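Enquirer: below is the sequence, then the predicted model.
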Amino acid sequence: VVVVSSGDPGVFAMASAVFEAMEAGPAPWRDLDVRVLPGITAMLAAAARAGAPLGHDFCAINLSDNLKPFALIEKRLRLAAEADFAMAFYNPRSRARPDGFARVLEVLRAACGDARPVIFARAVTTPDEDIRVVPLTEARPEMADMRTVVLVGSSLTRVIARAGVPFVYTPRSAPA
C-alpha cells in the first residue's frame, strides 16, 4: 500500500494520519514496515520562488481549525509574531472555512503593527503558479485558498523591488 501526498508527507500531510492509525490500531500494526519519504514542503517551494523569506528563524502553522480550536491558532500566531518569526501558513482558507483567514489577518495586524511583507504563493511548481507579494496592510482573505501557502516576513524581512515579482528575503543575522 502506498499513501501519496503532495509536498512532504510528514509536514501537515498524510504521514501523521498513518501513524495515528497505527497507534490506535491493533498491536501487530506497530510492526508494519512504514517508510516516509521526504518531499519538498510547500513552504520551502514557495520561499524559493520568492527569494529567501525564511532565511532566518521561522515557524509553520496550519490554520485549519478542523482538528484544533481557533483559540489555539490565535495564541500561536500572537506568540510567533511576538517572537518575531517569519511565518509560513498552511490551509489558510477553504469553502468550509471562508472566514478564518480574515481573523488571522486581524490578529497579525494587531500583533505586528507594521507593513510586513506577505507572500501569497498559489499552486507553486504547477502551470497555475501565482506569486503575489503585498504589505500586511494590503493582504486580503480572498488572496488565498487551499492551494495557497502564505508566508509572512519578520520585522527584518526585506523586499527588493524589480520588474515582475520582487525578491523577498530575511537576513541571516539579527541585531543584538
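Expert: Arrived safely.

Enquirer: what residue is smack in the middle of this protein?
Expert: If you average the C-alpha coordinates of the chain and look for the closest C-alpha using CA atoms, centre = their mean, you land on residue 89, 2.4 Å from that point.

Enquirer: pairing partners for that residue in the sheet, please.
Expert: residue 61, residue 150 (DSSP bridges).

Enquirer: the strands in the protein, which residues?
Expert: Under the criterion DSSP state E, strands of the chain are mapped to 51-52, 58-62, 86-90, 117-122, 130-135, 148-152, 158-160, 167-169.

Enquirer: check what pLDDT the residue sitting furthest away from the middle of the chain gets.
Expert: The centre of the chain is farthest from one residue, residue 28, which by CA atoms, centre = their mean lies 35.4 Å away. Model confidence at residue 28, expressed as pLDDT, equals 96.

Enquirer: show me where the chain has helices.
Expert: Listed in chain order, the helices found in the chain under DSSP state H are 14-24, 42-50, 70-82, 100-112.

Enquirer: now do the last one against strand 86-90, angle only.
Expert: For the pair helix 100-112 and strand 86-90, the angle between their directions (axes from the mean of the first three to the mean of the last three CA atoms, to 10 degrees) equals 170 degrees.

Enquirer: kind regards, and thank you for your time.
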